[in-house]
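structure for the following, please:
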Amino acid sequence: MITIRIAADRGHADHGWLKTHHTFSFGSYRDPAHVHFRALRVMNEDFVAPGQGFGTHPHENMEIVTYVLAGALEHKDSMGNGEVLRPGEFQRMSAGTGITHSEFNPSPTEPVHLYQIWLFPTEKGIEPSYEQKRFAEEERRNQLRLVASRDAAENSLLIHQDARIFLSTLDHDKQATHDLASNRHAWLQVLRGSVSLNGQQLQTGDGAAVSEENRLAITATQDAEIMLFDLA
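I've put the predicted structure just below:
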């Protein structure tokens, strides 16, 4: 069973400096039909204006994964980390017992386009931690590259949840496949371009919840970038 979440149906807010789209309920956007999918709690697509950002704010007991598509995002946190996240780089922050951080677009001229994803952790009250990694283009071109997992397999980011996150850049007409184990679920998010998922069409910004499917065939109907979540 595949249920498509069309991009235009997402929650949306325009704060001037921030234009954001919410796949699931977030902030002032409330939709009882779209609160979360399995352990996936937040799927936000953000566009942050030059020289603007999110001031210092707290998080706890959440696995937070950030991916930049264009521009740059400067991160600072209460653990002493201070990094700039650029296109092709992932950041993982385990909030655990509690952290504060800020996110800022350091460019005076270019906006930053990013996805921020939250997953429920399997255990509350863990020690906060942080990682940032780049995954080479050739490792994800026309194939699924594991970028986050609960066991840090294949040099992926470590997340405290029974989930595996994959990234792929697909050329037009190329296909990536993924087998789902029994009782597993998936979420596909189209970051750019358009794809066919087991014959169903998805466009930029669309997502798809997948259950009771054994195999996923993802074919680019134009050049595309996708993120796939394999979830308990």
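
OK, contacts around the closest residue to residue 127 other than its chain neighbours?
Counting by Cβ to Cβ, 6 or more residues apart in numbering, residue 127 lies nearest to residue 96, which is 5.6 Å off, once chain neighbours are set aside. The way it works is simple: take the backbone N, C-alpha and C, and place the C-beta from them, glycine included. Residues in contact with residue 96 (Cβ atoms under 8 Å, 6 or more residues apart in numbering) are 60-61, 121, 124-129.

narrow those to just the buried residues.
Burial by neighbour count, 16 or more other Cβ atoms under 10 Å: within the contacts of residue 96 this picks out 61, 121, 128.

among the contacts of residue 96, which lie within strands?
Those of those mapping onto strands are residue 129, per DSSP state E.

save the contacts of residue 96 as JSON lines, and put in pLDDT and distance to residue 26 too.
As requested, those are exported to JSON lines (pLDDT from 0 to 100; distance: Cβ to Cβ, whole Å):
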{"residue": "60", "pLDDT": "95", "distance to residue 26": "16"}
{"residue": "61", "pLDDT": "96", "distance to residue 26": "16"}
{"residue": "121", "pLDDT": "97", "distance to residue 26": "18"}
{"residue": "124", "pLDDT": "95", "distance to residue 26": "20"}
{"residue": "125", "pLDDT": "96", "distance to residue 26": "23"}
{"residue": "126", "pLDDT": "95", "distance to residue 26": "23"}
{"residue": "127", "pLDDT": "96", "distance to residue 26": "26"}
{"residue": "128", "pLDDT": "96", "distance to residue 26": "22"}
{"residue": "129", "pLDDT": "95", "distance to residue 26": "24"}
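
okay, residue 81: pLDDT?
You'll see residue 81 listed with a pLDDT of 89.

sorry, slip of the keys, the one I care about is residue 88.
For residue 88, the pLDDT comes out at 89.

ok, now which ones touch the nearest residue to it once chain neighbours are set aside?
Nearest non-adjacent residue to residue 88, counting by Cβ to Cβ, 6+ apart: residue 134, 5.5 Å away. By Cβ under 8 Å, 6+ apart, the contact list for residue 134 reads 88-90.

show me what counts as buried in stretch 145-164.
Neighbour counts over stretch 145-164 (16+ other Cβ under 10 Å) mark 145-150, 156-157, 159-164 as buried.
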